[in-house]
Each structure stands twice: as C-alpha cells, then as structure tokens.
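Participant: Everything below, folded, please.
(2 chains)
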Amino acid sequence: MTAQLSSKDRLSPHGDAFYEHLIQAHEGLSFDQSAAFNARLILLLANEIGDIDTLTTAIQNASNNEG
Amino acid sequence: MPRYKNVEYPFVVPPELQSGAPGKYPVAIVGAGPIGLAMAIDLALQGVRSVVLDDNNVVSVGSRAICWAKRTLEIFDRLGVADQMLEKGVTWQVGRLFHRDKEVYQFDLLPDTEQKMPAFINLQQYYVEQYLVERAAEFSDLIDIRWLSKVVGEDAREDGVTVHAETPEGPYSLEVEYLLACDGGKSGVRSRMGLEFAGHTFEERFLIADVEMPVAPFPDEDVHERWFWFAPPFHNGQSSLLHKQPDNIYRIDLQLGPDADPVEEAKPENVIPRIKHIVGDKPFELDWVSVYSFTCAKLDEFVHGRVIFVGDSAHVVSPFGARGGNGGLQDVDNLGWKLSSVLKGEASPALLETYNEERRHGAMENIKHSSRATNFMTPKSKMEAVFRDEVLNLAATHPFAQKLVNSGRLSVPCSLEGLSLQTPSSSDHDIRPGMACPDAAFQHDGEDIWLLNQLGGEFIVLTIGAAAKGVAPQGLKELHIDISTKRAGSATDQNEAIKRRFRENMIYLIRPDQHIAAIFTAEEAHNLVPALHRAKARTELEAVQ
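Facilitator: Numbers count the residues shown, from 1 in each chain, chains lettered A, B, ... in the order given. Model prediction:
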C-alpha cells in the first residue's frame, strides 16, 4: 500500500519564512557541507514523519520529478 | 523617442524673492514626486496649507514605478484621483511562470466584484504624478507647488524649521512648523542631517526596458498577461519579466548579474536582441531604458523633531512586489491626519511618534518581503541555486512548491494590530483592529454605495446590525448599516456583501486613514471613548479613566 502525499499547501502562511530560514542555514557552508546538512535534515524530518508509507511515497515523488 | 511628452511646469517667482522676508507656512514638503504631491493633497483635505518644493519642473522622466496596489488605489480614491487612474491603467489577468524552456504554471486573477478597487493597476509614474499635480491645482489656496525651488539646507529647531531654497532667480527662505522630506531614496535632507541609512545592497544589476508594441505579444490581444521566467534559455540563465502598461507600452525587466556594465548594457544594440527573444517577430520600438541595482534600507527613526521622512527618503526596497511607491503612499495615509491633528492643536506631538512606530513596522515588512523575493531570484551559492531550481521543478505538480516560488509578493495593506493606537480585541473575528477596513458595497435607497467612500478623513463609528445602532459618543460620526431589514431610507445590505465580511451587532472604530482602531460587540459600546482617546494618543486622558 502506498500513502498519498498531501496535495494541500501545508506550509502556508509560513512558506516564505521557512524557505528563508532554510537558505540561511546553508550560509557559509561549502557545497559538500551543505549536502551533509541536507542529509541530516532529511533524516531528522523522516523520523519526525515516522510513517513508512508516507516516506516511501515521498521518495518516489522526488525520483519522479528528476529534471 | 519617448511616447509620453513631459509638460514643463513654469517657474513662478516666489513671494519671498520679491519681499525679501521669509514666508511662514505650517508645512513645507521637499519633493513633488508621488509621495510629496499626495502628502500635500491629504493635508489640504484637512485644511492644512503646504508649500511643495521641487528642484525640477517636470513629472517623472521614464515610467519608473508602474504597479499600484489595491490599498494605494483606495488611498488615491480618498484623495480624489483614483477615477482617472483606473480609467487609464491596465490590469493583467493571467500570470504565466516559466522555468528554462517550460511553462511551470499559470494563474487567472479573477476580479473581486465586491470591492471598488482591483488588486492593482499598471500605470506609469508620470501619469500618476500628472494626475496628482492636476488635483493639487484644485486646492490653489492650500497647495503652493514651487517648481525649480531646490532645497539646499534646513535649520531645524524645537519649534520649527527654516528652509533654504535656491531658484534660477536667487535664494529664499521659509519658516515652517514641520518639514516633510519626500525627496526620495537619495534624500538630500537625509544626507545633510547626516542620518545613517542602514541596509543591504544587492549586487545584481537589472535592466528595465519599456517598449511600444502595436500588437500585443500575448496569445489573446484582449487578455493582459504577466510573464515571468526563471533561467530562460534566451537570457543566459537569469530572470526576466514582461507586463503591460497603458499606451501599448510593455515593461521588460532583465536580470543582468553583478558584473554587468550599465552603460554597455543600456545600448540599443545590446537591448534589442534580448527583447526580440521575448516578443519574437512582432514589431516593437524602444521607449525608455534604465539599468539599476538596488538597496533594501531604512532610517532608524522616521521622525526627527520637526523633520519627518516619508516614502523612499525613509526606506527603500527592491522593486519585486511593488512595495516602494505603495509603501510610501501608506506613509502618506498614516501621517496626513496625525500631522493635521497636531497642527490644529487637537493632538499632542506624541501622535507623530506613532507614525514612526506604525510605518517603521510597515517598512520592515516590505523590506522582509522584497529581500526574500530578491534572494529567490538571485541565488548566491550553488546549493541555493539547487534549492531554487527544485522548488520550480516541484511547482508543476505540488501546490506547496508553487507557493514557495517567489517572483515578488505583491504589496498588501499593512496591518497595525498590536501597535499602540489600537485597542486589542479578544474576539475570533477575522477582521482585526489595525487592518485597513475592507471595502464592500451596501445600498441606500436602492443605490449601490462603496463602504470605503463613506469612511476616512475623520474618526467614524461603523455599526452593523440593529443592536449596535446609535452607540457613537457625542461629536463622533456614525455610519450605521442595517443587515437584517430592507427598509427604504436607510443603509441596507441587499446583496449581503456587508454580512459576508463584517459581523452583526458589532461596532468598528475607523481611523481617518480607514484603518480599524477598535472592534467591540454592542454590549461593549462603553469602551468606545477610551478607545478613541487611545487612537488619538491622548495618554493623559487614558490615565484618568
């Protein structure tokens, strides 16, 4: 069974503030350090979500959107 | 050859040059741009005389500020100039957003038919200034615009300011109670006073080109669109913007990067090929080109004793989100009634301090939004660019990502909730104290009337529903709208537009700038008088109660 990701915008009205904070967290980091930061952040968020079906769907969604 | 022909306003020899003695006025305004002119009109509506001094004798050269938001149009309407602006201005309806060679999404802005003003119009700054000059001329005994009077110095004292001006026929001085510096981002008043203008300068350079096109570049001639590209293939990976102004003029904005040579980039031979990439084979003619970089900065204090900074002289932002001119007009709206009350002796100078409090709050909000938009458009590291591109990538399929795409957050009215003039409200009503009162139509004897046209210029108590009727304290005007009956001869809500936005049996105390100072239920009507004192910064009276 695969979960559905929320089609709703759940970040609103804080989307811009979140994005600004995320980008600021990368300031002063090298590209490799930034990649490591991203990995830590994804792992923390994954644990926060917890639900394995949701995580599997999110991984699939991210793969499908490869540019 | 620019399409708009600037009128040269005549130099009139000021009376001070003839008499040799300094003229005395309540207010001098430095700068006859949109802010200075609107300021003079707002003061004149309150019966306050002013002299407007400008070093030039024409309105804006080049289109400059072109996007005027709903709140600004409501302010212009209160000043009596919105009708012409609406008639001349254009509104884009469809927005398309592109990333590289793909359209990511489009949106259709449906007009809100329950409000008089559209979300915004596009109108060149020279038209806005021209209409304001014409309106100011209707107050010939209250507004004295002095073209070619360049302010070169000001001696500020505790009780007033001596203003020194130079003209083609010699210098003169004025004695005024207050000096309003509406002299723009490079304010001469600000630099002579040695005030720090702290902020962040962005290194990116942008090119603005206005082109005249007899045939619209859009698929449907009659539907105006706004096109925004992130990393278009035709422009070396940088952002671009296209939207329409009146007279078949199209504004094209091109990000050039930090190393661009402004003189070189503005040459027609470099501008024209870029425009061809955007508009294709359709014919066009260059009207105006300007290369600019920008700063987000503000003064620490907008009020310096008898000298008050208004508009760009107090704060500057990047153009994304149209928060420069629109932010400045909200300054005017905020200061007009406060300064008039102080000059008439109805309020203490403490009220001016709340202009400082409220508009610094507005400026910080505008700087925050325009900085975020600029950062989104100009990633400064490889990782930032990766995030930006992947937001755009997900935006085609995920609504949350679409919301993160930031090509400018259009100016919305600033809420003054939580600041000192507003009485806090514990209700769960989505209309809050501090908000600009929303517009809506109601009916009087079968005729549609716009609510905002009935508000402004003075404190007014708006009461909705029979239980709230007649609560206004003596000397305060009440506007009552009955939402339950359809009785002839009174203000009624036949289309239920008032009911949809406001609440029955509620009392709204509306400031002269149409912002809401307090909201009460009918049972709380006794709180109106203290709320009114608070809204006029009468702290000594508040202490008594």
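Participant: make it CA atoms for all contacts and neighbour counts henceforth
Facilitator: Noted.
Participant: Would you mind listing what in chain A touches chain B?
Facilitator: By CA under 8 Å from any CA of the partner chain, the residues of chain A that approach chain B are A:7-12, A:15-16, A:19-20, A:23, A:26, A:31, A:34, A:65, A:67.
Participant: Mind doing that once more with 7 Å?
Facilitator: A:7-11, A:15-16, A:20, A:23, A:31, A:34, A:65, A:67 (CA under 7 Å from any CA of the partner chain).
Participant: Return the member of those residues nearest to chain B.
Facilitator: If you rank the residues of chain A next to chain B by distance to chain B using CA to the nearest CA, A:Asp9 comes first, at 4.1 Å.
Participant: which residues does the closest one contact?
Facilitator: If you count contacts by CA atoms under 7 Å, 6 or more residues apart in numbering or on different chains, A:Asp9 has them with B:Pro399, B:Phe400.
Participant: from chain B, which residue is nearest to chain A?
Facilitator: B:Phe400 (4.1 Å).
Participant: Now name the helix or strand holding that residue.
Facilitator: Counting by DSSP states H and E, the element that carries B:Phe400 is helix B:399-404.
Participant: Same check on B:Ala65?
Facilitator: Counting by DSSP H and E, B:Ala65 is found in no helix or strand.
Participant: The closest residue to B:Val279 other than its chain neighbours and B:Ile252, how far apart?
Facilitator: Spatially, and ignoring its direct neighbours in sequence, B:Val279 is nearest to B:Pro217 (5.7 Å; CA to CA, 6 or more residues apart in numbering or on different chains). For B:Pro217, the distance to B:Ile252 equals 12 Å [CA to CA, to the nearest Å].
Participant: And B:Pro433, by the same measure?
Facilitator: 39 Å.
Participant: The two: which has the busier surroundings?
Facilitator: Comparing B:Pro433 with B:Ile252 by other CA atoms under 10 Å in any protein chain shown, the one with more neighbours is B:Pro433, at 27 against 21.
Participant: if I pick that one, what's in contact with it?
Facilitator: Residues near B:Pro433 by CA under 7 Å, 6+ apart: B:Glu417, B:Gln422, B:Thr423, B:Pro424, B:Ser425, B:Ile516, B:Ala517, B:Ala518, B:Ile519.
Participant: Mind checking which of these land in strands?
Facilitator: Assignment to strands by DSSP state E places the following of the contacts of B:Pro433 there: B:Ile516, B:Ala517, B:Ala518, B:Ile519.
Participant: wait, is B:Asn406 part of a helix?
Facilitator: No - going by DSSP: H, G, I helix; E, B strand; the rest coil, the assignment for B:Asn406 is coil, not a helix.
Participant: For it, which non-adjacent residue is closest in space?
Facilitator: Leaving aside its chain neighbours, B:Asn406 sits nearest to B:Ala373 (5.3 Å; criterion: CA to CA, 6+ apart).
Participant: element containing that neighbour, please.
Facilitator: B:Ala373 belongs to helix B:350-377 when assigned by DSSP H and E.
Participant: follow-up on the earlier one: report the buried members of the ones in strands among the contacts of B:Pro433.
Facilitator: B:Ile516, B:Ala517, B:Ala518, B:Ile519 (16 or more other CA atoms under 10 Å in any protein chain shown).
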